[in-house]
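Chemist: Have a look; sequence and predicted model below, questions after that.
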Amino acid sequence: MKNPISSAFFLVMLLLLGALGAMYYVKAEWTPPTLALTPEQSTASTRTVFTITAADKDSALHSLHVVAVQGGNTVDIINKTLPPGTRELREEFSLPKAGLKNEPLTLTITVKDTSWHRLGRGNRAQIVRQMDIDSKPPVISVLSGQHNVNHGGTGLVVYSTNEELAVSGVRLGDHFFPGYPYQPGKYLSFFALPYNIDPKAVTPVLVATDLAGNESTVGFNFRPLMKKFKHDSINISDNFLQSKMGQFADLYPDATTPIDLFLKVNSELRAKNVNFLVELGKDTVPQKLWDGTFVRLPNSAPMAAFADNRTYLYQSNAVDNQTHLGVDLASLAASPVPAGNTGRIVLAEFMGIYGNVVVIDHGFGLQSLYSHLSEIHVQTGETVQRSQIIGKTGATGMAGGDHLHFGVLVSGIEVQPIEWWDPQWIDHNITSKLN
């Protein structure tokens, strides 16, 4: 005769084991966390900042361990248990300055989750990377000689280094002008001496960072050539406001009068457009697309110069002050506009105060701008040749009459255009250095 107590106990144990099995099946999911390590490079220094990202949608993350092994030496960099319920992780770290030598090492990153898999030890994701340690900064050699740069103009420095670079260029105040590989072992950087910087207070320096993150800076022979910029007063008439402000009304619906709208457009929208051009300056190719002097609008007269400072008057009162960047050229209405030089169209559309505008990239951060056009005859991405017609002059945007606003930009910073019409300036300051 069966013992009823034993049978009940056996049944309870079966139910308990079944419940535990079901719970283990649920809790012991087998999917490991996702894990990534950036930057993906095989050379590093103590300046290199690594970023770990990990996530697990099935179980919470449990722990993170980062260890470096070099010969018989093991260095723990991170070893921690994560807060309960952690589903995503982002952690930055650098190699320690003490305990490691300038020798290869193995870097291991391990993340575990809270799954019951592997008898409660959880799923594991791991990255193992072999790395060379480099703590020596690059050696920069300036190859170009004199750098006599007009205030508001363009400069060019050519240099070489003893190793491959991650980034390099000229730093001048708050501006950075990228460098580009030019020939085997050689780099170049076009840089601007902006009109609104005091050349006596700021000195450009050449900066180079290698693949391991080591940085070097060096000065170079630099002589600013001071220039005086003109000042003008411009009267804003009610007729101008009535004819021009309507196209901007949707941008500033809170402006209650035409002059209020003008002030917002002339300051806020102008600044927004200038910042956009700085970003557009990054859309460049690391090669020289142009050749020779830039073409000027034929049969045209200069109407306004680069960096003219303007006081705007309304009803005899000064209401605003801005700086005109570029050169205004007037010819017959709707005159064909030639491309200044060979390049790639990076913008061909209506843009704020510039109206219909075309921007051509000539490579290495050098670009030219053509605005207030009545017609655009090119498209973004198209390659154009020197003197090819890209549109017609007009009065779109904030133009008071039919003309071409022509500009030259270096990494998005507008510079003196007339330099690029001068074959002697190009030969002395650009071509001779490139050769």
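Modeler: Received it, and whenever you're ready, just let me know what you need.
Chemist: show me what contacts the residue lying closest to Asn162 once chain neighbours are set aside?
Modeler: Distances taken as C-beta to C-beta, 6 or more residues apart in numbering put Val139 closest to Asn162, at 4.5 Å, once the chain neighbours are dropped. C-betas here are computed from N, CA, C, even on glycine. The contact partners of Val139, by C-beta atoms under 8 Å, 6 or more residues apart in numbering, come to Thr161, Asn162, Ser216.
Chemist: May I have the phi/psi pair for Gly72?
Modeler: For Gly72, the backbone dihedrals are phi -100, psi 10 (criterion: degrees, to the nearest 10).
Chemist: So the chain: which segments form each domain?
Modeler: Here the chain is described, according to automatic domain parsing, as comprising the domains 31-133, 140-225, 231-417.
Chemist: now those in a markdown table, with mean neighbour count, distance to His428 and mean pLDDT?
Modeler: Written out in a markdown table, the entries for the domains of the chain read as follows (neighbours: other C-beta atoms under 10 Å; distance: least, C-beta to C-beta, whole Å; pLDDT from 0 to 100):
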| stretch | mean neighbour count | distance to His428 | mean pLDDT |
| --- | --- | --- | --- |
| domain 31-133 | 16 | 39 | 92 |
| domain 140-225 | 18 | 8 | 95 |
| domain 231-417 | 18 | 13 | 97 |
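Chemist: among those domains, which is nearest Lys433?
Modeler: With respect to Lys433, and counting by C-beta to C-beta, the nearest of the domains of the chain is domain 140-225 at 4.5 Å.
Chemist: Now do the contacts for Leu193.
Modeler: With contacts defined as C-beta under 8 Å, 6+ apart, the neighbours of Leu193 are Val149, Asn150, His151, Gly152, Gly153, Thr154, Gly155, Leu172, Pro199, Pro204, Pro224.
Chemist: what's it sitting at in phi/psi?
Modeler: Backbone torsions for Leu193, taken as degrees, to the nearest 10, come to phi -110, psi 90.
Chemist: how close does it get to His151?
Modeler: From Leu193 over to His151 the distance is 6 Å, taken as C-beta to C-beta, to the nearest Å.
Chemist: which residues are common contacts for the two?
Modeler: Counting by C-beta under 8 Å, 6+ apart, the common neighbours of Leu193 and His151 are Pro199, Pro224.
Chemist: just checking, Leu35 touches Ala125?
Modeler: Yes: with contacts defined as C-beta atoms under 8 Å, Leu35 counts as touching Ala125 at a distance of 3.9 Å.
Chemist: what touches both of these two?
Modeler: With the criterion set as C-beta under 8 Å, 6+ apart, the overlap between the contacts of Leu35 and Ala125 is Ala54, Val111.
Chemist: How about the secondary structure of Lys272?
Modeler: helix (DSSP: H, G, I helix; E, B strand; the rest coil).
Chemist: Skip the chain neighbours and tell me the closest residue to it.
Modeler: Distances taken as C-beta to C-beta, 6+ apart place Gly352 nearest to Lys272, at 6.8 Å, with adjacent residues excluded.
Chemist: Contacts only, for the one you found.
Modeler: Residues counted as contacts of Gly352 (C-beta under 8 Å, 6+ apart) are Val265, Leu269, Arg270, Lys272, Asn273, Gly397.
Chemist: Quick check: the two most widely separated of those residues?
Modeler: Pairwise distances across those (C-beta to C-beta) peak at 13.3 Å, for the pair Lys272 and Gly397.
Chemist: ok now stretch 66-84, how far from the chain's centre?
Modeler: Between the centre of stretch 66-84 and the centre of its chain there are 35 Å (C-alpha atoms, centre = their mean, to the nearest Å).
Chemist: Now do the contacts for Ile430.
Modeler: For Ile430, the contacting residues are Leu156, taking C-beta under 8 Å, 6+ apart as the criterion.
Chemist: In a helix, it, correct?
Modeler: Yes: for Ile430, which was evaluated using three-state DSSP, the result is membership in a helix.
Chemist: gap between it and Phe294?
Modeler: With distances taken as C-beta to C-beta, Ile430 is found 11 Å from Phe294.
Chemist: what do you get for Leu100?
Modeler: Relative to Phe294, Leu100 is positioned 53 Å away (criterion: C-beta to C-beta).
Chemist: same deal with Thr154?
Modeler: When C-beta to C-beta is applied, the distance between Thr154 and Phe294 equals 12 Å.
Chemist: distance between the one helix or strand Gly407 maps to and the chain's centre?
Modeler: Using DSSP states H and E, Gly407 maps to strand 404-410. Between the mean C-alpha location of strand 404-410 and the chain-wide mean there is a distance of 20 Å, by C-alpha atoms, centre = their mean.
Chemist: do the same with stretch 57-70
Modeler: 33 Å.
Chemist: Throw the domains of the chain into a markdown table and include distance to Trp425, thanks.
Modeler: Putting the domains of the chain into a markdown table (distance: least, C-beta to C-beta, whole Å) gives the following:
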| stretch | distance to Trp425 |
| --- | --- |
| domain 31-133 | 40 |
| domain 140-225 | 9 |
| domain 231-417 | 9 |
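Chemist: looking at the ones you listed, which is closest to Ile426?
Modeler: With respect to Ile426, and counting by C-beta to C-beta, the nearest of the domains of the chain is domain 231-417 at 6.0 Å.
Chemist: Quote the end-to-end distance of that closest one.
Modeler: 18 Å (C-alpha to C-alpha, to the nearest Å).
Chemist: Surely Arg310 is within a helix?
Modeler: No: in this structure, Arg310 is strand, not part of a helix, as judged by three-state DSSP.
Chemist: hang on, the earlier thing: which residues do Thr154 and Phe294 both contact?
Modeler: Applying C-beta under 8 Å, 6+ apart, one finds that Thr154 and Phe294 are jointly contacted by Val408, Trp420.
Chemist: can you pull up the bridge partners for Val415?
Modeler: Listed beta-bridge partners, Val415: Val408 (assigned using DSSP bridges).
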